[in-house]
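J.: Sequence plus predicted model, see below.
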Amino acid sequence: MKRLTLILLSILALAACDSKPATNTASPEKPKQETKANEYETGRGAFQKLYIAAHGWAVDAKPFRLQSEYNAGDPVTEGKAGVWHCAFGSAARSSMKSFQWTGISGPGLEQGVSHGGDDAYSATNTSTQVFDVAFLKIDSDAAFQVAQKHGGEKLTKADPKIPVFFTLEWNHGKNKLEWRVSYGSSSDDSQLRVVVDATEGSFLRVEK
């Protein structure tokens, strides 16, 4: 009887060793990528991100033009945009490079900071005159409020969805850092351009 019991136990042990757990042949589901909520920044907010990236490219990088890109849904009345571009020059490299901050998602848009290729740069070129960031004391939201008081409010009342563009550049002739707030289909083809002092926040002039 004991011998029969031992034989049965041996058979059961062998059967347990030969059995394998069933495998799931179906490929595991890939985790879904989370889409970040759209973000919008004022000019200074976006510039700070781009300035850090530019100094990773060249330690002497200095900005010469900051521009917003208009996309439907941008809260332009808050002086904000979902895409900002900033061009930097490096005297040491004799090169300039454009950096872009994107806070919104959509076709052809990838959130985060990206950059273009290097182009030739000359520090003596007045059209690419770099400026000291210490002059940037007035943000794009404040510049918008000034522009509203000098013709912009009439346009936004007539068309609350009118595109608004912000451009920050150094005016070599006047030796000032200026915000240009443009109302219309583009920054170049606009119904109204109001120029605001980016250091003091004062109204400078209207360009047509």
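T.: Structure's in. What do you need? Quick caveat, the model's predicted, so the values are computed rather than measured.
J.: and F64, that's in a strand?
T.: Yes - per DSSP: H, G, I helix; E, B strand; the rest coil, F64 lies within a strand segment.
J.: Quick one: residues contacting it.
T.: By Cβ atoms under 8 Å, 6 or more residues apart in numbering, F64 lies in contact with 87-89, 96, 128-131, 169-170. Backbone N, C-alpha and C define where each C-beta goes, glycine included.
J.: now A92
T.: 58-60 are the contacts of A92 under Cβ under 8 Å, 6+ apart.
J.: ranking those by neighbours, who comes first?
T.: Most neighbours among those, by other Cβ atoms under 10 Å: A58, with 18 neighbours.
J.: now that residue: how far from Y51?
T.: Per Cβ to Cβ, to the nearest Å, A58 is found 12 Å from Y51.
J.: per-residue confidence for the residue most central in space within the chain?
T.: Closest to where the C-alpha atoms of the chain average out (Cα atoms, centre = their mean) is W101, at 1.7 Å. According to the prediction, W101 has pLDDT 98.
J.: doesn't it fall inside a strand?
T.: Yes - remark: W101 belongs to a strand, assigned using three-state DSSP.
J.: list the contacts for it?
T.: 41, 46, 49-50, 83-84, 86, 112-113.
J.: Show me where this structure dips below the pLDDT cut-off.
T.: 1-35 (pLDDT under 70).
J.: That one: strands as residue ranges?
T.: 62-69, 83-90, 95-102, 112-115, 119-120, 164-171, 176-184, 190-197, 203-207 (DSSP state E).
J.: Out of those, which gets nearest to P75?
T.: strand 164-171 (10.0 Å; Cβ to Cβ).
J.: partner strands of the closest one, parallel or antiparallel?
T.: strand 62-69 (antiparallel), strand 176-184 (antiparallel) (DSSP bridges).
J.: now these as a markdown table including distance to D119?
T.: As requested, these are arranged in a markdown table below (distance: least, Cβ to Cβ, whole Å):
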| stretch | distance to D119 |
| --- | --- |
| strand 62-69 | 12 |
| strand 176-184 | 23 |
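J.: looking at these, which is closest to P163?
T.: strand 176-184 (6.6 Å).
J.: from the middle of its chain, how far away would that closest one be?
T.: Between the centre of strand 176-184 and the centre of its chain there are 19 Å (Cα atoms, centre = their mean, to the nearest Å).
J.: and for that strand, what are the contacting residues?
T.: Contacts for strand 176-184 (Cβ under 8 Å, 6+ apart): 43, 131, 135-136, 138, 140, 143-144, 146-147, 152, 155-156, 162-171, 187, 190-199, 204, 207.
J.: In ChimeraX, select just the buried ones from those residues.
T.: In ChimeraX, this line selects whichever of the contacts of strand 176-184 come out buried by 16 or more other Cβ atoms under 10 Å:
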select :43,131,135,136,138,140,143,144,146,147,152,155,156,162,163,164,165,166,167,168,169,170,171,187,190,191,192,193,194,195,196,197,198,204
